[in-house]
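[1] Sequence plus predicted model, see below.
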Amino acid sequence: MTADTTVPDAWKELFLLDVIPAGGSAIAFAGMTEDITGIDFGEKDIEGIALANGGRVIKFTPMTDESITIKVYPVTAGVSGETTATGTQQLFHKQATADTTQPILVDNTITRQKFGLVFLRANTLPATASTLPVSGVYARRTQIINAYMTKDGLNWDDKMESAEITFKWTPFKKDGSANKREESTDGSVQLPAAGTTGTSF
């Protein structure tokens with residue numbers, strides 16, 4: 001197939017997101033780009049140290065943690081094993097055993113779990129973010145591993161229930177390897193398959 005040689009002006013309107021609980025299956029989200037309400041991909045700051053002669057030497061500051069906040073519209077208490085998301089509470093408060101029996105019950109817990117995130121923007125979107133992008137089109141993907149959901153804030157703005165969920169992660173693992181990967185293609189080749197474990201690419 002001949003590659004699409006028209007570079008997009010910008011990634012607009014729609015994106016796909018897969019949230020992958022560590023040890024679980026990908027949960028598919030889809031949204032409007034405007035629903036990504038906060039992105040902080042860290043800083044690699046520097047600090048100038050004054051010398052006696054008036055000069056400066058540069059001191060590197062370790063890279064800061066990264067996070068992303070997304071607006072979602074939950075309609076259930078959420079089950080972590082779902083492949084299509086209808087809620088987030090059971091992701092935020094991991095239960096000893098995921099409740100899949102109606103009615104769904106989610107108690108507050110002190111348990112935390114790791115997540116992988118796969119964001120996909122493309123001229124033609126596939127079924128889910130982890131699916132290989134359509135051949136021959138521009139695509140950009142961000143993969144994040146070892147993230148934690150640190151906020152699940154419900155509100156009733158505009159007279160409807162929504163929530164802002166925040167995922168936060170360190171830029172590097174203990175061994176210094178990356179927890180975030182950015183990828184793109186001009187369509188001449190497909191992106192490789194996305195990670196599926198939540199803890200590795």
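    Yep, that arrived. Just so it is clear, the model here is predicted, and its values are computed rather than measured.
[2] From here on, just use CA atoms for contacts and neighbour counts.
    OK.
[3] Please look at Lys94 and Gln113 and confirm they touch.
    Yes. The pair Lys94 / Gln113 is scored as a contact, 6.9 Å apart, by C-alpha atoms under 8 Å.
[4] Please say which of those two ends up with more neighbours.
    Taking other C-alpha atoms under 10 Å, Lys94 and Gln113 do not tie; Lys94 has more neighbours (20 against 16).
[5] Please report how far the more buried one lies from Ser162.
    Distance, Lys94 to Ser162, by C-alpha to C-alpha, to the nearest Å: 20 Å.
[6] before we move on, what about Lys180?
    According to C-alpha to C-alpha, Lys180 and Ser162 sit 27 Å apart.
[7] And the two? Which one has more around it.
    Lys180 (22 against 18).
[8] Contacts only, for the more buried one.
    Contacts for Lys180 (C-alpha atoms under 8 Å, 6 or more residues apart in numbering) come out as Thr142, Gln143, Ile144, Ile145, Pro171, Phe172.
[9] name the element the residue nearest to the first one when sequence neighbours are not counted belongs to?
    Pointing back at Thr142 there. Of all residues not flanking Thr142 in the chain, Glu182 sits nearest, at 4.6 Å (C-alpha to C-alpha, 6 or more residues apart in numbering). Taking DSSP states H and E as the definition, Glu182 sits inside strand 180-185.
[10] Averaged pLDDT, that strand. What do you get?
    Taken as a whole, strand 180-185 has a mean pLDDT of 95.
[11] Can you tell me the strand partners of it and which way each runs?
    Here strand 180-185 is paired, per DSSP bridges, with strand 139-155 (antiparallel).
[12] where in this protein is pLDDT low?
    Scanning the chain with the threshold set as pLDDT under 70 gives 1-6, 79-84.
[13] which residue ranges form the strands in it?
    14-21, 27-32, 36-40, 46-50, 56-60, 66-72, 114-122, 139-155, 162-169, 180-185 (DSSP state E).
[14] Only the buried residues of the fourth one, if you could.
    Read it as strand 46-50. Residues of strand 46-50 include none that count as buried (16 or more other C-alpha atoms under 10 Å).
[15] Tell me which other helices or strands it touches.
    strand 56-60 (3 or more C-alpha pairs under 8 Å, 6 or more residues apart in numbering; DSSP states H and E).
[16] mind saving the C-alpha coords of the strand it packs on as CSV?
    Taking C-alpha atoms only, strand 56-60 is exported to CSV below (Å, rounded to 0.1, in the frame of the first residue of the first chain):
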residue,chain,number,x,y,z
ARG,A,56,28.4,29.9,36.5
VAL,A,57,28.5,26.1,36.3
ILE,A,58,25.5,24.1,35.4
LYS,A,59,24.0,21.7,37.9
PHE,A,60,21.6,19.1,36.5
